[in-house]
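Colleague: Show me the folded form of this:
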Amino acid sequence: MMKRTRISDLLESGQSGHEATVMGWVRTKRGNKNVAFIALNDGSCISNLQIVVNVADFDEEVLKKVTTGASLRINGLVVPSPGQGQSVEMQATGLELFGVADPESYPLQKKGHTLEFLRSIAHLRPRTNTFGAVLRIRHAMAFAIHKYFNDNGFFYLHTPIITASDAEGAGEMFRVTTLDMKNPPCNEKGDIDYSQDFFGRETNLTVSGQLEGELGALALSQIYTFGPTFRAENSNTPRHLAEFWMIEPEMAFYDIEDDMDLAEDFLKYLIRYALQHCGDDLKFLNEMYDKELIERLHLVADNAFIRLTYTEAIKILEASGKSFEFPISWGKDLQSEHERYLVEQHFHKPVILTDYPRDIKAFYMKQNDDGKTVRAMDVLFPRIGEIIGGSQREEDYDKLLRRMQEMNIPEESMWWYLETRKFGTVPHAGFGLGFERLLLFVTGMGNIRDVIPFPRTPQNADF
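Modeller: Numbers count the residues shown, from 1 in each chain. A predicted model of the protein is given here:
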């Protein structure tokens, strides 16, 4: 059997005059009684390969089964294409039908489908141009993330998915248990007795690998995590998922300025990588979904990010004269509408905000001398709002312990985290980048459910 050639390789080389074998799925078939034209796609690129079939050379019954969605192997001669938009096409000399697709029931016929409908057939939507493009970009971004950190001396640390700690202190976690929920064991108070559970204590799916990432950084200097995280937040919005992926670098000997420098360099690298390696897919998404997508990517890649404090941002928002849905004042957390105003209407560039009020930030953030703010930093992007959240971490044992007590975080379950501040503590910092938030920005898609293959949202765990 002749070795399969990927359609992307065949089209990219543009070479003709040789025989090749391609395999893929039929996007369309048209023609007349003498000749048929099959558009074949194997997922390697957004473009189809046109297959020209001389009808007289093939079994009529087999050709009848070549319909949209059917899978084929085609042997043939690669020849220059007279059509526009493609350098070569293939004249078929052999055709094998792998699998049929009944036109009456195959849902991806040649017509427009809404994104909402495609979510209901997530097992098939990767075969569409849109989701083929999104998933190829998703792969490219995942590869670029690992490449960036590897090339910059970071070590990839695998942090636990099952954990007994709540890194965010929000409590919105999925419980992990092997107890019989119909008849769970109870203690004297009538509460469920988790000492009889698999781990001997209450455990959950992780909301962040940060705390364990800090442990790694305080030995290896520079680490990053890249894994699934889970939030049991009942938010049925275009921006929330119950299961998503997070990238979380942690760096010893870094202060807040170093943290911001890394975040800006990292994001620019990823955007440039997408522009360089995902051109055809980005052009398609730019044309079909977001006419300003590529322009917006260049805006981020080619401009220095604006840096200012939360307090300065509040003054700008208060002086804007805008009637925001959520009124703004010092001490309140910024909403997406505030973040987007700063980026899209005031500065027209990405923004990094620093020095947030400590009362709206997590316990582990380094406290400033003013007693009111912490060394937090958020990176704000057009259309997205916050895309990165990070901080310098509190390395002082007494300050960290006092903050945990103020926020009712139990010392006994976090003893290991506190001990790192007793044994060779150092200044350190880190941040978190939601992978799907990044993909929303890079693809121009409007709903976070459309940048992950199988979204997990309230009342939905299909596929």
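Colleague: any chance you could map the strands in the stretch 101-250 of the chain?
Modeller: 155-156, 162-163, 175-176, 203-205, 222-230, 243-252 (DSSP state E, counting those that start in this stretch).
Colleague: closest to L211 out of those?
Modeller: Evaluated with C-beta to C-beta, these place strand 162-163 nearest to L211, the distance being 8.5 Å. (Each C-beta comes from the backbone N, C-alpha and C, glycine too.)
Colleague: got the contact list for the closest one?
Modeller: When contacts are taken as C-beta atoms under 8 Å, 6 or more residues apart in numbering, the neighbours of strand 162-163 outside the stretch itself are V176, F199, T203, N204, L205, T206, E212.
Colleague: who wins for neighbours among those residues?
Modeller: Each of the contacts of strand 162-163 was scored for neighbours by other C-beta atoms under 10 Å, and T206 scores highest at 27 neighbours.
Colleague: Run a quick check on F381 versus I387, I expect a contact.
Modeller: Yes - assessed by C-beta atoms under 8 Å, F381 is found in contact with I387 at 4.5 Å.
Colleague: So these two - more neighbours on which side?
Modeller: A count of neighbours by other C-beta under 10 Å puts F381 above the other of F381 and I387, at 26 against 22.
Colleague: give me every residue that touches that one.
Modeller: Under the criterion of C-beta under 8 Å, 6+ apart, the neighbours of F381 are V300, V343, P350, I387, F441.
Colleague: The last one: neighbour count?
Modeller: A count of neighbours around F441, defined by other C-beta under 10 Å, yields 23.
Colleague: For the host helix or strand of it, buried residues please.
Modeller: Taking DSSP states H and E as the criterion, F441 maps to helix 435-443. Within helix 435-443, the residues that qualify as buried by neighbour count (16 or more other C-beta atoms under 10 Å) are F435, E436, R437, L438, L439, L440, F441, V442, T443.
Colleague: still on that earlier bit, now for F381 and I387: what residues contact both?
Modeller: Listed contacts common to F381 and I387 are F441; contacts here mean C-beta under 8 Å, 6+ apart.
Colleague: Now do the helices in the protein.
Modeller: In chain order, the chain shows helices spanning 7-13, 60-64, 115-119, 129-151, 210-220, 256-277, 279-288, 293-301, 310-318, 336-340, 397-406, 415-419, 435-443, with DSSP state H as the criterion.
Colleague: Looking at the buried residues of helix 435-443, which is nearest L275?
Modeller: Nearest to L275 among the buried residues of helix 435-443, with distances taken as C-beta to C-beta, is V442, at 9.3 Å.
Colleague: For the closest one, give me its contacts.
Modeller: Taking C-beta under 8 Å, 6+ apart as the criterion, V442 is in contact with I137, M141, L270, I271, A274, C278, L282, L297.
Colleague: now it: how far from K332?
Modeller: V442 sits 30 Å away from K332, taking C-beta to C-beta, to the nearest Å as the criterion.
Colleague: And for R456?
Modeller: 30 Å.
Colleague: Run the angle between the longest strand belonging to the chain and helix 129-151 for me.
Modeller: Longest strand in the chain by number of residues, with DSSP state E as the criterion: strand 18-31. Counting by axes from the mean of the first three to the mean of the last three C-alpha atoms, to 10 degrees, strand 18-31 lies at 140 degrees to helix 129-151.
Colleague: Now do strand 18-31: distance to the chain's middle.
Modeller: Chain-centre distance of strand 18-31: 32 Å, with C-alpha atoms, centre = their mean, to the nearest Å.
Colleague: ok, which stretches of the stretch 351-463 of the chain are strands?
Modeller: Using DSSP E, counting those that start in this stretch, the strands found in the stretch 351-463 of the chain span residues 351-357, 373-381, 385-393, 428-434.
Colleague: Out of the ones you listed, flag the one nearest S8.
Modeller: Of all the strands of the stretch 351-463 of the chain, it is strand 428-434 that lies closest to S8, at 28.4 Å by C-beta to C-beta.
Colleague: other SSEs contacting that closest one?
Modeller: Based on contacts counted as 3 or more C-beta pairs under 8 Å, 6 or more residues apart in numbering; DSSP states H and E, the elements that strand 428-434 packs against are helix 210-220, strand 243-252, helix 256-277, strand 373-381, strand 385-393.
Colleague: Adding mean pLDDT and distance to Y289, write those out as JSON lines.
Modeller: Putting those into JSON lines (pLDDT from 0 to 100; distance: least, C-beta to C-beta, whole Å) gives the following:
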{"stretch": "helix 210-220", "mean pLDDT": "97", "distance to Y289": "33"}
{"stretch": "strand 243-252", "mean pLDDT": "98", "distance to Y289": "21"}
{"stretch": "helix 256-277", "mean pLDDT": "98", "distance to Y289": "15"}
{"stretch": "strand 373-381", "mean pLDDT": "98", "distance to Y289": "17"}
{"stretch": "strand 385-393", "mean pLDDT": "97", "distance to Y289": "19"}
